[in-house]
Each structure stands twice: as C-alpha cells, then as structure tokens.
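Asker: fold the following, please.
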Amino acid sequence: MNTVVAQYLEAWNTREPAARRSAVARLFTPGARYVDPLVAVTGHAELEAAIAGVQAQFPDWTFSLAGPVDAHHDQVRFTWGLGPADAPAVVIGFDVAVLTDGRIDSVYGFLDQVPATT
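Answerer: Model prediction:
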C-alpha cells in the first residue's frame, strides 16, 4: 500500500497533462470515484480535471505524505500535506482509498487544516 499511496501523491503532483492522464489511468479503475468536501467526481476524465483544478489554484504547491500509511484488506488511509515544496504544509488532510484488483476504486478525502485564506 505504501507504493499505491506514493503513486497517488505523485499523480496529484504531476503537472504535465499527458503524464497526469497516464498516471490516473494506471492507478485508478475506469469508474473510480473521488469525494472530498469540495468536489465529487467519477471516472478518469473528471478525476484528472479535479487534479488539474487544484494545481491551477495552487500552482507552486505540492502534495506530500504527512504520516504513516495504515492499511488492511483492500483499503488504506493516510495523512497528506499541501504547501510550498520548501516549507511546512499549509493544508493538511487525510484520505481513505479502497482498491479493487490493485487499483484505486474510491477515495474519501477529509480536510483537517484549511487556512481561511486558501
């Protein structure tokens, strides 16, 4: 599961559109669903567009793992941070991902720290 989480964060950090689409297609099932307090999307195209939207809103920020990966059966939870690469995370959240046949089929995201200015 550590590899899946690393690939997941890498997909959220991939800025080149073709490479990002490829990462999403490789990591997620075709009908994957992603839900957090700000967005609910289904499928590769919508997921890729949601990632691109976050990148447009925070063009110089990156996602990083912010704690241990905890997994059992086909599900994994982990805390992540979003912020400038050379500074502490500004936004902190955690995601729970459920896998089907080794690929992510659903993600449930939660935001733990969101500054009023973001």
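
Asker: for the chain, give me the ranges with low pLDDT.
Answerer: Low-confidence segments of the chain (pLDDT under 70): 117-118.

Asker: where along it do the helices fall?
Answerer: Secondary structure of the chain, counting by DSSP state H: helices at 2-13, 17-27, 44-57.

Asker: would you mark the buried spots in the longest one?
Answerer: Of the residues in helix 44-57, those buried under the neighbour-count criterion (16 or more other Cβ atoms under 10 Å) are 44, 46-48, 50-51, 54-55. (Each C-beta comes from the backbone N, C-alpha and C, glycine too.)

Asker: pull the residues that contact stretch 111-118.
Answerer: For stretch 111-118, contacts defined as Cβ atoms under 8 Å, 6 or more residues apart in numbering pick out 36-38, 58, 79, 89-94.

Asker: does R103 touch L27 like I think?
Answerer: Yes. R103 is within contact range of L27, at 6.4 Å (criterion: Cβ atoms under 8 Å).

Asker: looking at those two, which is more packed in?
Answerer: L27 (20 against 15; other Cβ atoms under 10 Å).

Asker: these two touch, right, that one and A6?
Answerer: No. Using Cβ under 8 Å as the test, L27 is too far from A6 to be in contact (10.5 Å).

Asker: tell me what T62 is bridged to.
Answerer: Per DSSP bridges, residues listed as beta-bridge partners of T62: G83.

Asker: and it, what does it touch?
Answerer: Applying Cβ under 8 Å, 6+ apart, we find T62 in contact with 13, 82-85.

Asker: alright, I will stop here.
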